[in-house]
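**Q** got a sequence here, can you model it:
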Amino acid sequence: MNTKTDLIGNMVAEDFRTAAVFKRHGIDFCCKGGRTIEEACTPKKLDPEKVYAELESLPANEGGSIDFGSWPLDLLADYIEKTHHRYVEEKTPVLQAFLDKLCKVHGGRHPELFEINTLFNESAHDLAAHMKKEELILFPFVRNMMKAKISGGSLQHPAFGTVENPVSMMQHEHSVEGDRFRRIAEITHEYLPPADACNTYKVAFAMLQDFENDLHKHIHLENNILFPKAIQLEKEYTVKS
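**A** Take a look at the predicted model:
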């Protein structure tokens, strides 16, 4: 890993422990991983040398973290669907119920809760549609490419033309979600409950933070590993017209 020239997304793909360093400095490693550290630090007026030093001080990776970059693409697609898609599906209704309750009970004293609730409901709606597009369109094509690779066969020409088309759409939708959760983090002061927060308030904020963390990993696995490898794999095989 060359911290001064490698792209942020590639560094996280190589060693996910680096994500904690980037998150600590407010550097987006998932939706905006196609930048160097210096390019990410400049608009934030951060000292890139400090980020380099923290990355280089990480202990040698003894193999404890999962090397998702070495996984076959069909396995990675299955993992994303069964781990991260399922997480969103399970946690969304729980968070919606908590946020609705907070608005009713605490909205008078904390009107920012209404914006948080609106943003999360927009995210829930869009993520549900986003994940279905991946599950019904993009991921099946990835699996078909892997079958073609193993069998040595060719691929049927997909209705969407090239895999770069749905990938571009998914990346745009990832950016929208990244912007939404940056706003939620800003409103909540990085998920810090107010002094008068009840237990439901505290649990809801902790769940929101966990939801954002899971979404960051979810988007990272797609933007920085699955998508570029799928584009490369498609170029390796003749597509039937």
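
**Q** tell me the confidence at the nearest residue to L58 once chain neighbours are set aside?
**A** Spatial nearest neighbour of L58, excluding adjacent residues (CB to CB, 6 or more residues apart in numbering): R17 at 5.8 Å. For the C-beta atoms, the positions are set from N, CA and C on the backbone; glycine is no exception. On pLDDT, R17 comes in at 86.

**Q** and R17, how far from W71?
**A** Distance, R17 to W71, by CB to CB, to the nearest Å: 18 Å.

**Q** C-alpha coordinates for the longest helix along the chain, PDB please?
**A** What stands out as the longest helix in the chain, according to DSSP state H, is helix 164-187. Taking Å, rounded to 0.1, in the frame of the first residue of the first chain, the C-alpha atoms of helix 164-187 are listed here in PDB:
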ATOM      1  CA  GLU A 164     -21.300  -0.100 -16.700                       C
ATOM      2  CA  ASN A 165     -24.900   1.200 -17.100                       C
ATOM      3  CA  PRO A 166     -26.500  -0.300 -14.000                       C
ATOM      4  CA  VAL A 167     -23.200   0.200 -12.100                       C
ATOM      5  CA  SER A 168     -23.300   4.000 -12.900                       C
ATOM      6  CA  MET A 169     -26.900   4.200 -11.700                       C
ATOM      7  CA  MET A 170     -26.100   2.300  -8.500                       C
ATOM      8  CA  GLN A 171     -23.100   4.500  -7.800                       C
ATOM      9  CA  HIS A 172     -25.200   7.600  -8.200                       C
ATOM     10  CA  GLU A 173     -27.800   6.200  -5.800                       C
ATOM     11  CA  HIS A 174     -25.000   5.400  -3.300                       C
ATOM     12  CA  SER A 175     -23.900   9.100  -3.500                       C
ATOM     13  CA  VAL A 176     -27.500  10.200  -2.700                       C
ATOM     14  CA  GLU A 177     -27.500   7.900   0.400                       C
ATOM     15  CA  GLY A 178     -24.100   9.100   1.500                       C
ATOM     16  CA  ASP A 179     -25.300  12.800   1.300                       C
ATOM     17  CA  ARG A 180     -28.500  11.900   3.300                       C
ATOM     18  CA  PHE A 181     -26.600  10.200   6.100                       C
ATOM     19  CA  ARG A 182     -24.000  13.000   6.200                       C
ATOM     20  CA  ARG A 183     -26.900  15.300   6.900                       C
ATOM     21  CA  ILE A 184     -28.300  13.000   9.600                       C
ATOM     22  CA  ALA A 185     -24.900  12.800  11.300                       C
ATOM     23  CA  GLU A 186     -24.700  16.600  11.200                       C
ATOM     24  CA  ILE A 187     -28.100  17.200  12.700                       C
END
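
**Q** elements contacting that helix?
**A** With contacts defined as 3 or more CB pairs under 8 Å, 6 or more residues apart in numbering; DSSP states H and E, helix 164-187 has these neighbours: helix 112-133, helix 199-220, helix 227-235.

**Q** so which of those helices is nearest C31?
**A** helix 199-220 (6.1 Å; CB to CB).

**Q** any idea of the angle that closest one forms with helix 112-133?
**A** With axes from the mean of the first three to the mean of the last three CA atoms, to 10 degrees as the basis, helix 199-220 and helix 112-133 are set at 40 degrees to each other.

**Q** for the nearest residue to E173 once chain neighbours are set aside, give its distance to L99.
**A** The shortest distance from E173 to any non-neighbouring residue, by CB to CB, 6+ apart, is to H130 (5.0 Å). Separation of H130 from L99 (CB to CB): 20 Å.

**Q** more crowded one of these two?
**A** Each of H130 and L99 has its neighbours counted (other CB atoms under 10 Å); L99 has more, 22 against 19.
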